[in-house]
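In: Okay, predicted coordinates and the sequence, questions at the end:
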Amino acid sequence: MPDIIVTTPKNCIALAAEEARECIEDGWGEYFRRFSGKCCPVSLKPGVRIFYVMDGYLRGFAEVNRIANIPRCIQCDVSGRWYQPGVYAWMPADTWQWIEPLVMRGFQGYRYLVPGCGVDPQAIRVVGGWLDPMPETEGE
């Protein structure tokens with residue numbers, strides 16, 4: 001069951017940080033990721049880790065605990081933004097793990113974390129948990 005990689009678009013990085021801040025303040029929370037019904041990873045199931053590329057680096061991951069095919073639009077509690085119907089994966093905030101940042105270009109859709117995906121899976125090193133700050137990269 002391979003893990004999945006997705007990209008947080010540059011225009012959503014501040015929102016992701018706000019969501020994390022609110023989860024930390026509340027002491028709990030969930031993140032979600034929407035996949036279109038036509039573009040849903042076959043391996044998506046509870047226990048799979050979803051890794052995130054942000055600003056040119058693979059930064060961390062959270063573990064999926066539930067999945068649902070939602071046939072209607074849903075609204076994000078933090079941003080108020082509406083999301084289209086699709087397959088949603090929810091991840092408890094406290095499963096988030098920061099990794100040593102690895103250079104990886106962003107992309108649309110998803111990829112599996114396997115050799116040849118753009119980053120060496122063997123190079124992944126966890127360096128912090130959900131309550132820790134995001135590790136810096138050279139130049140930050």
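Out: Good, I have the coordinates.

In: When you work out contacts or count neighbours from here on, use the C-alpha atoms and nothing else.
Out: Will do.

In: how about residue 62, secondary structure?
Out: Following DSSP: H, G, I helix; E, B strand; the rest coil, we place residue 62 in the strand state.

In: what about the nearest residue to it once chain neighbours are set aside, how many neighbours?
Out: In this structure, residue 62 finds its nearest non-sequential neighbour in residue 96, 4.2 Å apart by C-alpha to C-alpha, 6 or more residues apart in numbering. Neighbour count of residue 96, defined by other C-alpha atoms under 10 Å: 23.

In: Provide a list of residues in contact with the one residue sitting closest to the centre of the chain.
Out: With distances taken as C-alpha atoms, centre = their mean, the residue of the chain nearest its centroid is residue 52 (4.4 Å). Residues near residue 52 by C-alpha atoms under 8 Å, 6 or more residues apart in numbering: 5-8, 58-61.

In: So for it, what's the pLDDT?
Out: At residue 52, the pLDDT value in this model is 98.

In: so which strand or helix has residue 59?
Out: Assessed by DSSP states H and E, residue 59 sits inside strand 57-63.

In: same check, this time on residue 68
Out: strand 66-70.

In: With that, I have no additional questions.
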